[in-house]
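# Sharing a sequence plus its predicted fold:
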Amino acid sequence: MTETSELCRLDRRKRAVVEAARALFIEQGFERTTLGDIVDRAGGSLATLYKVFGNKDGLLEAVVFEKAVSGADIIDSSVAGGGSPAQILHRIAEDLHAYFLDPEVVSLVRIVIGRSISDRDFVRRFFERTATRTQSALTTVLSVWQAEGVAMHGEPEALAEIFLDLIVSDLHAEAISHGLGLRHSSDRLRARTEFFLTGAKITDR
């Protein structure tokens, strides 16, 4: 067996383990899922799992950090769609909201919240790879617009934080309440985005 084919085989095995772990963590919860459960579903051996991921915590990081990408790519894609600043911000709100409220993302955030009690470093890394990068991307967009002469009331960094809070608050509420009493709709999201645009004094050009 060549080195290349061995690397491909190991990559497939790693992919199978991560997918099995993600499914089981969501179905059963992180604490109730054993490494044996994961191997039973993914195939392979515990020895390979320990070799690639180290332990259960290492596997959790692989699962969470793979799925919980930052919203920076989503923002870049939304901006690439073109339009006025107001139109683009509505698109960003819709795209981020759809991603953040994906049931799988919500489930993984619940796991992260649980882990925050015992592993602050893990949560810090999660925050840096997600919220920090997302806010930085939106701050950059607003700064570019401001430099191009788009009127706005407030500094780009503060406005980016406020805008994202309108969306991320739904993710946190969904994760904690399991959807009890929350009613998400496109009209509600549009109204909240319009409220932000009015307060920030950003209008169509």
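Here it is on my side, so go on.
# can we go C-alpha only for contacts and neighbour counts from here?
Fine.
# what about this protein, any weak spots by pLDDT?
Across the chain, the ranges flagged by pLDDT under 70 are 1-4, 6-7, 67-69, 181-182, 204-205.
# longest helix in it, by residue count?
Counting residues, the longest helix found in the chain (DSSP state H) is helix 3-28.
# Packing partners of it?
Counting contacts by 3 or more Cα pairs under 8 Å, 6 or more residues apart in numbering; DSSP states H and E, helix 3-28 packs against helix 35-42, helix 46-53, helix 56-67, helix 103-115.
# got the buried residues for that helix?
Neighbour-count burial for helix 3-28 flags 13-14, 16-26 (criterion: 16 or more other Cα atoms under 10 Å).
# Which members of those residues are the farthest-apart pair?
Maximum pairwise distance among those (Cα to Cα): 20.1 Å, between Arg13 and Ile26.
# Domain boundaries for the protein, per the record?
With domains defined by automatic domain parsing, the chain comprises 3-66, 68-200.
# follow-up on the earlier one: return the most buried member of the helices and strands packed on helix 3-28.
Across these, averaging neighbours per residue (mean count of other Cα atoms under 10 Å) puts helix 103-115 on top, at a mean of 19.
# who's in contact with Thr134?
By Cα atoms under 8 Å, 6 or more residues apart in numbering, the contact set of Thr134 is 70-72, 75.
# Which SSE is immediately downstream of the helix or strand that contains it?
Assigning secondary structure by DSSP states H and E places Thr134 in helix 133-147. Reading on from helix 133-147 to the C-terminus, the next helix or strand found by DSSP H and E is helix 156-177.
# Show me what that following helix packs onto, helices and strands only.
Packed against helix 156-177 by the contact rule (3+ Cα pairs under 8 Å, 6+ apart) you find helix 85-100, helix 103-115, helix 133-147, helix 186-200.
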